[in-house]
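Peer 1: how would this look folded up:
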Amino acid sequence: MANPAESKGVSVINIGERLREAREKKAVTIEQAQKQTHIHSTVITALEDGRCDDILAPNYVKSFLKEYANYLGLSAKELVDAYHASHPELSVKNLNLTKPEIKNPASGLSDTIRLVRKIIVVIVVLAFIIFLVGKVVSYLKSPKSAKPAHTANVQSTKKSSKFSVTIKEIPRSSPIVLIIKVKRSVMVQLKRDGVLLFKRLLQKGSVESITATDSINISAAKAEAIEISLNGINLGSPGKGIVKNLEITRTGARVK
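Peer 2: This next block holds a predicted model:
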């Protein structure tokens, strides 16, 4: 395995060329790779062309790069390190590597500025907490917070989830990218663009990535056993108990 330090000069295009060469060496088409990895052909093509940053956030680029590299039999760590090296802005540690050991006369002023910024952040956070506490107290004192109303809501959600999240619409130029993290083993049925993709037991600790053009539909025996993210936005667990048809679209997710 190559030393990560040797990857510093590698560009995203070089990474893509290695991916393409490995796929062609295995005599696998992009369509076959899509079926076997469940990574959309648009994402695979972007990875091999070095255009992955145009359609995905860095965290998802690394996730798909790792999964695709493992599928091709390449070193996922080496390629992810190479991706980091070609994007130095992703590493906070790099900010400290170029500091000289000699003290700068202006360092005292910089420290003061940083301290002032920290104080401002603390004041803003405290103000926000006070605001939230006030809202909660006001809500608890209002007639709407009466216990009978809460009891009715709890009863109506015991058997079916009312999960609903709205996000800023994902542009048509990008695919829908759904990540499912399995917190407990659970039976899941998944449809992509109206076509059944699989119905099987997902094991605890596993991660599924699915891409679609228009929609993804999930049914799960225990909604609390999974956690979902849509194009880099964490939507959390879709409620509790059985969820029969959670539809994920370009504007968010809701139980139909």
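Peer 1: Show me which positions of the helix or strand containing Lys199 end up buried.
Peer 2: Assignment of secondary structure by DSSP states H and E places Lys199 within strand 195-202. Neighbour-count burial for strand 195-202, counted by 16 or more other C-beta atoms under 10 Å, picks out Leu202. Bear in mind the C-beta positions are built from the backbone N, C-alpha and C, glycine included.
Peer 1: again, but for stretch 172-181
Peer 2: For stretch 172-181, burial by neighbour count (16+ other C-beta under 10 Å) applies to Pro175, Ile176, Val177, Leu178, Ile179, Ile180, Lys181.
Peer 1: okay, how far is it across it, tip to tip?
Peer 2: End-to-end span of stretch 172-181 (C-alpha to C-alpha, to the nearest Å): 25 Å.
Peer 1: mind starting the numbering at 49 from now?
Peer 2: Fine by me, first position is 49 from now on; the one you just mentioned is stretch 220-229.
Peer 1: what's in contact with it?
Peer 2: For stretch 220-229, contacts defined as C-beta atoms under 8 Å, 6 or more residues apart in numbering pick out 88, 90-91, 103-104, 108, 111, 218, 236, 250, 255-264, 266, 274-280, 296-298.
Peer 1: Show the buried residues in the residues you listed.
Peer 2: Listed as buried from the contacts of stretch 220-229 are 88, 90-91, 103-104, 108, 111, 218, 236, 250, 256-260, 264, 266, 274-279, 296-298; burial here means 16+ other C-beta under 10 Å.
Peer 1: Out of those, which sit inside strands?
Peer 2: Among the buried ones among the contacts of stretch 220-229, the ones falling in strands (DSSP state E) are 236, 250, 256-260, 264, 266, 274-278, 296-297.
Peer 1: May I ask which two of these are separated the most?
Peer 2: Largest separation among those by C-beta to C-beta: Leu250 and Thr297, giving 21.9 Å.
Peer 1: re earlier: just put the buried residues of stretch 220-229 in CSV and tack on secondary structure and pLDDT.
Peer 2: Formatted as CSV, the buried residues of stretch 220-229 follow (DSSP: H, G, I helix; E, B strand; the rest coil; pLDDT from 0 to 100):
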residue, secondary structure, pLDDT
Pro223, coil, 95
Ile224, strand, 95
Val225, strand, 95
Leu226, strand, 93
Ile227, strand, 96
Ile228, strand, 95
Lys229, strand, 94
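Peer 1: for these, which one is nearest Ser212?
Peer 2: So of the buried residues of stretch 220-229, ranked by how close each gets to Ser212 (C-beta to C-beta), first place is Leu226, at 16.1 Å.
Peer 1: Could you tell me how far that closest one is located from Asp97?
Peer 2: Distance, Leu226 to Asp97, using C-beta to C-beta, to the nearest Å: 23 Å.
Peer 1: for the stretch 99-248 of the chain, what spans make up the strands?
Peer 2: Remark: strands assigned in the stretch 99-248 of the chain by DSSP state E, counting those that start in this stretch are 212-214, 224-230, 234-240, 243-250.
Peer 1: CSV please, covering the ones you listed and showing distance to Val128.
Peer 2: What follows is the strands of the stretch 99-248 of the chain, written out as CSV (distance: least, C-beta to C-beta, whole Å):
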stretch, distance to Val128
strand 212-214, 29
strand 224-230, 16
strand 234-240, 26
strand 243-250, 24
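Peer 1: Ok, which of these comes nearest Ile63?
Peer 2: strand 224-230 (19.2 Å).
Peer 1: Can you give the strand pairings for the closest one, parallel or anti for each?
Peer 2: Applying DSSP bridges to the sheet, strand 224-230 is found paired with strand 255-260 (antiparallel), strand 274-278 (antiparallel).
Peer 1: how big is the angle separating it from strand 243-250?
Peer 2: 20 degrees (axes from the mean of the first three to the mean of the last three C-alpha atoms, to 10 degrees).
Peer 1: quick one: strand 224-230 to strand 234-240, angle?
Peer 2: Using the same axes, to 10 degrees: strand 224-230 against strand 234-240 is 170 degrees.
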